[in-house]
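# Here is a sequence together with a model predicted from it:
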Amino acid sequence: MKLYDLKAGLNPRRVRIFLAEKGLEIPRVESDLPRGDNKTPEFLRLNPLGKLPVLELDDGSVLTESVAICHYLESLHPEPNLCGRDALERAQIEMWDRRMEFDAAAHAIGAFVHLHPFWIGRETQVAAFGELSRDKLLQRMAWLNDELAEREFIAAGRYTLADITLQCALVMAKGIGIRIPEQHSNLARWFAAVTARPTARA
């Protein structure tokens with residue numbers, strides 16, 4: 001297997017943390033977005049959308065979505081379990097992971113793409129959309145703070161893929177100046193715990 005990676009990307013970070021939690025090492029090809037590595041004909045043959053990460057299997061098969069990559073790796077290496085041990089757990093973790101995807105990660109990405117100077121000339125930036133994304137993310141932080149009032153992790157009583165997704169979203173948000181408000185002590189406690197894990201810097 002070979003992982004096409006992007007050091008600063010939210011979704012590539014999700015896969016790297018997942019791999020680190022599993023204790024797995026996969027050869028990586030680091031991509032350089034400013035150089036246009038993701039737009040070369042060779043890369044577009046792997047993923048016509050030009051996005052990362054990409055996992056290329058030994059038989060030439062390609063997986064291009066971070067959650068799909070994580071589920072594939074879990075099927076090969078089920079422990080430590082990050083996606084659910086039985087039907088109910090798998091559904092609960094998937095439910096919460098989708099919530100973290102659409103109600104946190106998507107807003108962090110929206111704010112980043114539409115407000116950060118890196119994307120000038122690379123994407124059509126709409127500042128009002130970026131501001132809306134930031135406001136939506138802050139609203140979701142208030143909701144998550146309430147959710148975490150009586151539990152340690154997002155789902156299933158342990159660290160799972162849902163935690164990784166939110167963790168990566170809030171790391172990206174922090175990088176563009178969107179921080180957890182002081183009054184959200186439950187969310188801040190959770191964030192401090194997950195970012196202190198040895199795998200957090202993967």
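Thanks, I have the structure now. Note that the coordinates shown come from a computational prediction; the quantities given were computed from them, not determined experimentally.

# Which neighbouring elements make contact with the lengthiest helix in the chain?
Secondary structure of the chain per DSSP state H: the longest helix is helix 127-147. Secondary-structure packing of helix 127-147 (3 or more CB pairs under 8 Å, 6 or more residues apart in numbering; DSSP states H and E): helix 106-115, helix 161-175, helix 185-195. Quick note: C-beta positions are derived from backbone N, CA and C, even for glycine.

# Check the offset of the last one from the chain's centre.
Which is helix 185-195. Remark: helix 185-195 is offset 16 Å from the chain centroid, using CA atoms, centre = their mean, to the nearest Å.

# among the helices and strands packed on helix 127-147, which is the most enclosed?
Each of the helices and strands packed on helix 127-147 was scored by mean neighbour count; the highest is helix 161-175, a mean of 24, by mean count of other CB atoms under 10 Å.

# between that one and helix 106-115, how many degrees?
Here the directions of helix 161-175 and helix 106-115 differ by 30 degrees (axes from the mean of the first three to the mean of the last three CA atoms, to 10 degrees).

# Just want the angle from helix 161-175 to helix 127-147.
Taking the same axes, to 10 degrees, one finds helix 161-175 and helix 127-147 inclined to each other by 130 degrees.

# quick check: mean pLDDT across helix 161-175?
For helix 161-175, the mean pLDDT works out to 97.

# And the contacts of that helix?
With contact meaning CB atoms under 8 Å, 6 or more residues apart in numbering, helix 161-175 is reached by 10-11, 13-14, 17-18, 21, 67, 70, 82-83, 93, 96-97, 99-101, 104-105, 107-109, 111-112, 137, 144, 153-155, 179-180, 190-191, 194-195, 200.

# Next: stretch 191-202.
So stretch 191-202 is in contact with 13, 16-17, 19-21, 152, 159, 163, 167, 170-171, 180, going by CB under 8 Å, 6+ apart.

# please redo it, this time with the cut-off set to 7 Å
If you take CB atoms under 7 Å, 6 or more residues apart in numbering as the criterion, stretch 191-202 is touched by Arg16, Ile17, Leu19, Ala20, Glu21, Tyr159, Asp163, Gln167, Leu170, Ile180.

# Run a quick neighbour tally on the third one.
What it means is Leu19. 20 (other CB atoms under 10 Å).

# The residue lying closest to it once chain neighbours are set aside: how many residues sit nearby?
Distances taken as CB to CB, 6 or more residues apart in numbering put Ile26 closest to Leu19, at 6.4 Å, once the chain neighbours are dropped. Residues lying near Ile26 (other CB under 10 Å) number 15.

# Nothing else from me, thank you.
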